[in-house]
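Trainee: Next comes the sequence, and after it the predicted model I'd like to discuss.
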Amino acid sequence: MKKFSDTPKPNPRNPNTTMARKRARKTKEYRNWLDLPKDVTVSILQRLGAIDILESAQKVCMLWRNICKDPSMWRAIDMQNLGDLHNMPYDLEKMCIHAIDRSCGQLRDINIEYFGTDELLIYITQSTSQLRCLRLVCCYYITDKKLSELAAKLPLLEELDMTISSLSEEPLEALGRCCPLLKSLKWNQLWDGRPHIRIEGDEEFDDDGVALAIAKNMPELRHLQLIGNKVTNDGLQAILDGCPHLESLDIRKCFNVTLSRNLGKRCAERIKILRHPSDSTHDYGFMAEISD
Amino acid sequence: MALELKSSDNKIFEVEELVAVQSETIKSLVEDGCADNVIPLPNVDSKTLELVLDWCKNHVDMKLDEEKLKEYEDKFIEVDQAVLYDLLLAANYLNIKDLLNRACQKVADMLKGKTPEQIRETLNIVNDFSPEEEEEIRKENLWAFEE
């Protein structure tokens, strides 16, 4: 638990005491970090993520405290964390709500990892109707029903990232209908793949539900990431038909797709940035449970 | 096409236009036709300007090699705090977006995971909170689990 002011007692041998700092100020190498232009400081502090801002940065000095109270600091809320919620001394949902309150309705961009719920989604959409970017990673408690319902409160949504969830394709229809500005969609799952132990006729291994919902409801899509999806070649064709403006497509770990001949050619012609089913996922942080 | 830039300590740097216009500030001057003479940069000393121009030149040269550029950037930003500070100010003043982002990220990386006191030590900042403000922050701390 980070203590508020654990300043050590004065000690001439300790280089970090007030006296030592006063001496340091006389050297040529001293810079007053509080003299930085405000938006540079904001840019630095925003990169720390909400937890470090609330627990540390805002407790450093009055200037930073005031910067951290400014609603404009909270237009983007990044609740990045390592997912070890059981070890954390904080209730992340409460912290997130506090951060949303600080935005005073100016929230545009939020990233929630490992703790999102329907209630939190309701809170977000009540705070602002102008959300542009929504990222929900490993938020297993968010339901199809609630997300479908709340789609109507996200009319300005441009980017949606639902990485590893309990969702089916159901919310995609409402999202497509209610979010005409949606340009980027990530709808990633954890699928083991294992194409080599496929059983003929087993529906569980083929599922174009998500692909068809996207193809049918999201004609303005520019960027699509569908990692670990059970989409087949048919589903992929439907996406190419239904999303004529698609520029980038990431179908890593989509083991039912074979990009040979016509489909491969069509993808190569249409898509500027294509990541193939067998491409490495080393830069995608959520495959811990799956061996490559 | 070459431009002449003058640092705060009166050193003149001759630079290709293509390199110099990585700075949006200089780019505007060029577009407005104000770049015929020496361009004075009173807010940037020669030591910092040399580094900044090195960044700009490499970003032109390595534009197509993402990996090489990343390697260069990572090495470039490994500098003393004072130099980092000066780079931040210069990048902000000259409006060089990628340098500003990289430098801000470097500072953020230095501060991540640190306690308030550790941050103060790192950046030589004084704790100037009043007891009232300290109390206000303590009261806000609704998210901590009871110990």
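Mentor: All right, it came through fine. Numbering: from 1, shown residues only, chains lettered A, B, ... in the order given.

Trainee: from here on, contacts and neighbour counts on C-alpha atoms
Mentor: Noted.

Trainee: For chain B, what lies in contact range of chain A?
Mentor: Proximity of chain B to chain A (Cα under 8 Å from any Cα of the partner chain) is limited to residues B:82, B:85, B:88-89, B:92, B:104-105, B:107-109, B:111-117, B:119-121, B:123-129, B:134, B:137, B:142-145.

Trainee: Show me which of those are buried.
Mentor: Buried by 16 or more other Cα atoms under 10 Å in any protein chain shown: B:82, B:85, B:88-89, B:92, B:104-105, B:107-108, B:111-117, B:119-121, B:123-127, B:129, B:137, B:143-144, out of the residues of chain B next to chain A.

Trainee: Among the residues you listed, name the ones in helices.
Mentor: Counted as lying in helices by DSSP state H, out of these, are B:82, B:85, B:88-89, B:92, B:104-105, B:107-108, B:111, B:116-117, B:119-121, B:123, B:137.

Trainee: Wasn't A:Asn111 part of a strand?
Mentor: Yes. Applying DSSP: H, G, I helix; E, B strand; the rest coil, one finds A:Asn111 inside a strand.

Trainee: hey, what's it bridged with?
Mentor: In this entry, A:Asn111 is beta-bridged to A:Asp78, A:Arg135, by DSSP bridges.

Trainee: Show me which residues of stretch A:250-268 are buried.
Mentor: For stretch A:250-268, burial by neighbour count (16+ other Cα under 10 Å) applies to A:Asp250, A:Ile251, A:Arg252, A:Lys253, A:Cys254, A:Phe255, A:Asn256, A:Val257, A:Leu259, A:Leu263, A:Cys267.

Trainee: how far does that stretch sit from the chain's center?
Mentor: 26 Å (Cα atoms, centre = their mean, to the nearest Å).

Trainee: in chain B, which ranges drop under the pLDDT threshold?
Mentor: B:146-147 (pLDDT under 70).

Trainee: okay, which residue is most central for it?
Mentor: Centroid-nearest residue in chain B, with Cα atoms, centre = their mean: B:Leu88, separated by 2.2 Å.

Trainee: In contact with that residue, which residues are there?
Mentor: Under the criterion of Cα atoms under 8 Å, 6 or more residues apart in numbering or on different chains, the contact list for B:Leu88 reads A:Val40, B:Leu99, B:Leu100, B:Ala103, B:Cys104.

Trainee: In TSV, list those residues along with distance to A:Arg102.
Mentor: Converted to TSV, the contacts of B:Leu88 look like this (distance: Cα to Cα, whole Å):
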residue	distance to A:Arg102
A:Val40	20
B:Leu99	30
B:Leu100	26
B:Ala103	27
B:Cys104	23
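
Trainee: how about these, which pair is most distant?
Mentor: A:Val40 and B:Leu99 (12.1 Å; Cα to Cα).

Trainee: Tell me which of these two has more neighbours.
Mentor: Taking neighbours as other Cα atoms under 10 Å in any protein chain shown, A:Val40 and B:Leu99 compare with B:Leu99 leading, 22 against 17.

Trainee: What segments of chain B are strands?
Mentor: Using DSSP state E, the strands found in chain B span residues B:2-6, B:12-16, B:39-40.

Trainee: Next: the stretch 101-250 of chain A.
Mentor: A:109-113, A:133-137, A:159-163, A:184-188, A:223-225, A:248-250 (DSSP state E, counting those that start in this stretch).

Trainee: Format those as a markdown table; extra columns: mean pLDDT and distance to A:Asn217.
Mentor: Output for the strands of the stretch 101-250 of chain A, formatted as a markdown table (pLDDT from 0 to 100; distance: least, Cα to Cα, whole Å):
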| stretch | mean pLDDT | distance to A:Asn217 |
| --- | --- | --- |
| strand A:109-113 | 97 | 23 |
| strand A:133-137 | 97 | 19 |
| strand A:159-163 | 97 | 14 |
| strand A:184-188 | 97 | 12 |
| strand A:223-225 | 98 | 13 |
| strand A:248-250 | 97 | 17 |
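
Trainee: Of those, which is nearest B:Glu24?
Mentor: Across these, closest to B:Glu24 is strand A:109-113 (Cα to Cα), at 26.7 Å.

Trainee: Who are the packing partners of that closest one?
Mentor: Contacts defined by 3 or more Cα pairs under 8 Å, 6 or more residues apart in numbering or on different chains; DSSP states H and E place strand A:109-113 against strand A:76-79, strand A:133-137.
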